[in-house]
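Chemist: Predicted model and sequence below, questions to follow.
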Amino acid sequence: MTQNNNDEKFLKIQLILAVIPTFVTQLIAFYRIRKLIYGIIIEVIIFFVDLVIQMSISWPFGMIIALPISILVPLYYVRKWTLEFNKAQHQF
């Protein structure tokens, strides 16, 4: 496999881990790109934002708003930081 194929495979695995709406799999994705502390901070902020949304808006509408936030925010950062991680790996 070429390095480009490995990078694409790594990115796909990272995105799959980030899409699963559990903080454990999302933290695994952050750990693999050496951004665990930032991932924990993001997960804690998302937890409290989701909590406020679900306490303010009744079921199921609060969940409909909170679920995309808890998936899309980590997905954005995992993708961004994975691409940066892959680029940094090529510089060495």
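Modeler: It's in.
Chemist: could you say which helix or strand contains the closest residue to Leu36 other than its chain neighbours?
Modeler: Among residues not flanking Leu36 along the chain, Phe30 sits closest, at 5.2 Å (Cβ to Cβ, 6 or more residues apart in numbering). Using the backbone N, CA and C atoms, a C-beta is placed for each residue, glycine as well. Taking DSSP states H and E as the definition, Phe30 sits inside helix 23-32.
Chemist: which residues are contacting that helix?
Modeler: Applying Cβ atoms under 8 Å, 6 or more residues apart in numbering, the external contacts of helix 23-32 come out as 14, 17-18, 20, 36, 38-40, 42-43, 47, 74, 77-78, 81-82.
Chemist: Next: stretch 61-75.
Modeler: 15, 18-19, 21, 26, 29-30, 39, 42-43, 46, 49-50, 53-57.
Chemist: mean confidence for the helix or strand hosting His90?
Modeler: Using DSSP H and E, His90 maps to helix 61-91. Over the span of helix 61-91, the pLDDT mean works out to 90.
Chemist: Grab the two from the contacts of helix 23-32 that are most spread out in space.
Modeler: Phe47 and Thr82 (22.4 Å; Cβ to Cβ).
Chemist: Enumerate every residue touching Leu11.
Modeler: Counting by Cβ under 8 Å, 6+ apart, Leu11 makes contact with Arg79, Thr82, Leu83, Asn86.
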